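Q: Pasted the sequence and its predicted model underneath.
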Amino acid sequence: MVLTLCTAFALSQAYRTVGAIMAGQLQGEYRLSAQALGLFSGSFHFAFGAMQLFMGIGIDLHGVRRTVLTAFPLAIVGALISALSTSFGLLIVGQVLIGVGCAPAFLVCTVFIARHFPAASFASVSGLVLGIGGVGMLITGTPLAWLVEAYSWRMGFWVLAGASALAWLSIALMVREPGGECGAVPRESPIAALRRFGELFAMPHTLGIVVLGAVTYAAFISLRGLWLGPLLVERHGYSLVQSGNVALAVSVISLFGPPLFGRLDRGGPQRRRRILVCGGIYAALFAAVGIFHAAWIDVGCALAIGLLSGFIVWQYADVRSAYPAALTGRAMAVFTMAMFLGVALMQWLTGVAASVAQAFGMEPYAVVLGFIAVLLVAGCAAFTWLPAPQGATAARS
């Protein structure tokens, strides 16, 4: 059942990374600026992130299966609208619908694991799910590049819409929740459920967790899902298929990161220290792509970023241990919301940064990657100096 739920998550990964391959044709057809391209990619993530609280409530009140089956058809409709769009505004509408439809895709996996697997297995199973879900990014590497080059970007959305319909059908047929549709979670009114979310934000350690969560995954998706393709084409003269090959390689290596880091998780205060060390290395890799303009450095750092992004599974494990069991599902929803609102904000801000850089005659990708590195350093600083969960203060030393 977890593997079946992963099909929707894999499709959401595909939708969130189409921009890197479709960017050139979209800019040509709709005459988009770099800022508008950031808006296109960010609109999915804004809708995705904004709906996390509501999807968390839906899961608690109606269960994993009903929530994903109700929401995911919107992703199919959004993909069809995108494929048929005749204006940039309609394309944005399609992206927003896809974002809403995909909103429960990863959350249902984490909540299902939290409810039906032992706590000691959470990091390793979640890492496995993140790795399997990353298969969706393989679709938006060489296969999508070939499809877009042979036909058009619209064909990419047609294919994703068909795959999404098959994923919805597989979930409807195969997923059942042990212990009842809503598990062992007692029913609450929507108002009471929202009040419980307020309890999370009243806890002092939530802010540091949320701030770092808003930049780590956002950094990887901004590179892989938006800027990697244009960077390789414009900075190094790669063809669309060549840049798709690199994107595919980054996606493949990123599949191994979450299971690897999940297996390496040892828990305790040392987990937070390791998160900070990985965050610092992560920022340095982005800075290197911005500073050095050699193709082998850019490709090598992109591959390293893909593998190192697996440390994000430690952040999920940190959330799992930072809150009481009664708040686990909602804590996951808040963290996931921060991650994807962070993606939307970062993609929009990097689009603005690229437009400003071009206006001043600067190389846009150096500014974009440097800006991402600065945001990662700021996130690590917040994680370090803001209050930590009780028993995790050793990570400050």
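A: Arrived safely. Numbers count the residues shown, from 1 in each chain.
Q: After the top helix by length along the chain, which helix or strand is next?
A: Longest among the helix segments of the chain by residue count, using DSSP state H, is helix 328-359. Per DSSP states H and E, the first helix or strand lying C-terminal to helix 328-359 is helix 364-385.
Q: For that next one, buried residues please.
A: Neighbour counts over helix 364-385 (16 or more other Cβ atoms under 10 Å) mark 364-373, 375-377, 379-380, 382-384 as buried. Placement of C-beta: from N, CA and C, glycine included.
Q: cool, and stretch 222-234?
A: Quick answer for stretch 222-234 (16+ other Cβ under 10 Å): 222-233.
Q: ok, now stretch 251-258?
A: 251-255, 257-258.
Q: residues in contact with it?
A: 17, 126-132, 134-135, 137-138, 140-141, 220, 224, 303, 306-313 (Cβ atoms under 8 Å, 6 or more residues apart in numbering).
Q: Please apply the same query to stretch 315-329.
A: 56, 59-60, 110-111, 114-115, 119, 122-123, 126, 185, 196, 199-200, 203, 205, 209, 212-213, 216, 262, 265, 267, 271-272, 275, 331-332, 335, 389, 392.
Q: Narrow those to those that are buried.
A: Buried residues within those, counting neighbours by 16+ other Cβ under 10 Å: 56, 59-60, 110-111, 114-115, 122-123, 126, 185, 196, 200, 203, 205, 209, 212-213, 216, 262, 265, 271-272, 275, 331-332, 335, 389, 392.
Q: which one of the buried residues of stretch 222-234 is nearest residue 280?
A: Each of those was scored against residue 280 by Cβ to Cβ, and residue 223 proved nearest at 17.2 Å.
Q: confidence score at that closest one?
A: Predicted confidence (pLDDT) for residue 223: 93.
Q: Let the chain start at 123 from now.
A: Yes, from this point I'll number from 123; that puts the last item at residue 345.
Q: Skipping adjacent residues, who's closest to residue 280 in space?
A: Spatial nearest neighbour of residue 280, excluding adjacent residues (Cβ to Cβ, 6 or more residues apart in numbering): residue 205 at 5.0 Å.
Q: Who are the contact partners of that neighbour?
A: Neighbours of residue 205 in contact, by Cβ under 8 Å, 6+ apart: 216, 276-277, 279-280, 283.
Q: What average pLDDT does the host helix or strand of residue 215 get?
A: In the assignment (DSSP H and E), residue 215 maps to helix 210-224. The pLDDT scores in helix 210-224 average 94.
Q: And that helix, what does it pack against?
A: Packing partners of helix 210-224 (3 or more Cβ pairs under 8 Å, 6 or more residues apart in numbering; DSSP states H and E): helix 124-138, helix 141-152, helix 156-172, helix 186-193, helix 195-206.
Q: Next, the angle from it to helix 450-481.
A: 160 degrees (axes from the mean of the first three to the mean of the last three Cα atoms, to 10 degrees).
Q: Check whether residue 389 sits in a helix, strand or coil.
A: Secondary structure state of residue 389, per DSSP: H, G, I helix; E, B strand; the rest coil, is coil.
Q: that older thread, heading C-terminal from the helix holding residue 215, find the next helix or strand.
A: Heading C-terminal from helix 210-224 (DSSP H and E), you reach helix 227-238.
Q: From the chain's centroid, how far away is that following helix?
A: On the basis of Cα atoms, centre = their mean, to the nearest Å, helix 227-238 sits 16 Å off its chain's mean C-alpha point.
Q: how many degrees apart are it and helix 195-206 in direction?
A: Using the same axes, to 10 degrees, helix 227-238 lies at 160 degrees relative to helix 195-206.
Q: The helix-or-strand element of the chain with minimal mean pLDDT vs helix 450-481, what angle?
A: One helix or strand of the chain scores below all others by mean pLDDT, DSSP states H and E: helix 312-324, with a mean of 75. Counting by the same axes, to 10 degrees, helix 312-324 points 70 degrees away from the direction of helix 450-481.
Q: What is the distance between helix 312-324 and the centre of its chain?
A: 24 Å.
Q: Contacts for that helix, please.
A: With contact meaning Cβ under 8 Å, 6+ apart, helix 312-324 is reached by 175, 178-179, 182-183, 310, 328, 445, 449, 452-453, 455-456.
Q: residues in contact with the strand or helix carrying residue 392?
A: Using DSSP H and E, residue 392 falls within helix 391-413. Residues outside helix 391-413 that contact it (Cβ under 8 Å, 6+ apart) are 334, 338, 341, 345, 353, 387, 419-420, 423-424, 426-427, 430-431, 433, 436-437, 439-440, 487-492, 494-495, 498-499, 501-502, 505-506, 510, 513-517, 519.
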